[in-house]
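Novice: Below: sequence and its predicted model.
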Amino acid sequence: DAGITQSPRHKVTETGTPVTLRCHQTENHRYMYWYRQDPGHGLRLIHYSYGVKDTDKGEVSDGYSVSRSKTEDFLLTLESATSSQTSVYFCAIRTGTADYGGYTFGSGTRLTVV
Amino acid sequence: AQSVTQPDIHITVSEGASLELRCNYSYGATPYLFWYVQSPGQGLQLLLKYFSGDTLVQGIKGFEAEFKRSQSSFNLRKPSVHWSDAAEYFCAVGARNNAGNMLTFGGGTRLMVKP
């Protein structure tokens, strides 16, 4: 199984502060994704990466930035956290070589903005 | 752009009863379709997927789903539910020729199982 680790698992932060969430994979998979999960909305794509320094926006990218300086790490940054960004954040990697082949999800980061 | 609707937010069934979770998608061509399950505090696990071919797809844990193009549906079924099936279920669609291979998810259906 592809190893994928998200950190931290839980975080409480204050409005207006910057926050960075980390997704780490132990294999050299090219595609990595950040989703947020909110009740009634399922998972919505924030940003994704298709290689080192190659990233693109998803459906709900406003207020978020990402970076991928090495294959194994994909960072999600909330530049100035707001209460609307309270959510559970999931990282995913695409482990297959074919289209949509094998997605593996991390265990999530629960972020609370107070 | 594609979209997914799961009309039932909550469903409660008795253990041993049959189950059907509904999923409707919107996409201009034949999509890639997926069902994922999420247990509390966990990530998502793939149950099954449809890419092409036989419209009845078998998955893990005894689940199956049927792709019906005329109804734009991909409903998930299980003939006999076990208490361990209590979880949240997500239908997802992927567009063909999507360079990023991003998945679009429905809002989810939370399944509760009565003893």
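Specialist: Now that the structure is in, tell me what you want to look at.

Novice: Could you check the pLDDT of residue 85?
Specialist: Just going to use chain A. Reported pLDDT at residue A:85 in the predicted model: 98.

Novice: should've been chain B
Specialist: Value for residue B:85, per-residue pLDDT: 97.

Novice: The one 10 residues further on now?
Specialist: Per-residue confidence for residue B:95 comes out at a pLDDT of 78.

Novice: Grab the nearest non-local neighbour of it.
Specialist: If the residues on either side of it in the chain are set aside, residue B:95 comes closest to residue B:2, at 5.3 Å by CB to CB, 6 or more residues apart in numbering or on different chains. Where C-beta positions appear, they are placed from N, C-alpha and C, glycine not excepted.

Novice: ok, the one you found - contacts?
Specialist: Residue B:2 makes contact with B:25-27, B:31, B:93-95, B:104 under the criterion CB atoms under 8 Å, 6 or more residues apart in numbering or on different chains.

Novice: Same check on residue B:90?
Specialist: Counted by CB under 8 Å, 6+ apart, residue B:90 has contacts A:42-43, B:6, B:35-38, B:44, B:105-106, B:108-109.

Novice: What's opposite residue 113 in the beta bridge?
Specialist: Went with chain A since none was named. Each beta-bridge partner of residue A:113 is listed here, defined by DSSP bridges: residue A:13.

Novice: my bad, the chain I had in mind was chain B
Specialist: residue B:13.

Novice: Isn't it up against residue B:78?
Specialist: No: between residue B:113 and residue B:78 there is no contact under CB atoms under 8 Å: 10.8 Å.

Novice: residue ranges of the helices in chain B, please?
Specialist: With DSSP state H, there are no helices along chain B.

Novice: Run through it and note the low-pLDDT ranges.
Specialist: Scanning chain B for pLDDT under 70 picks out B:97, B:99.

Novice: near chain A, which residues of it?
Specialist: B:4, B:6, B:9, B:32, B:34, B:41-46, B:49, B:51, B:90, B:92, B:94, B:96, B:98-108 (CB under 8 Å from any CB of the partner chain).
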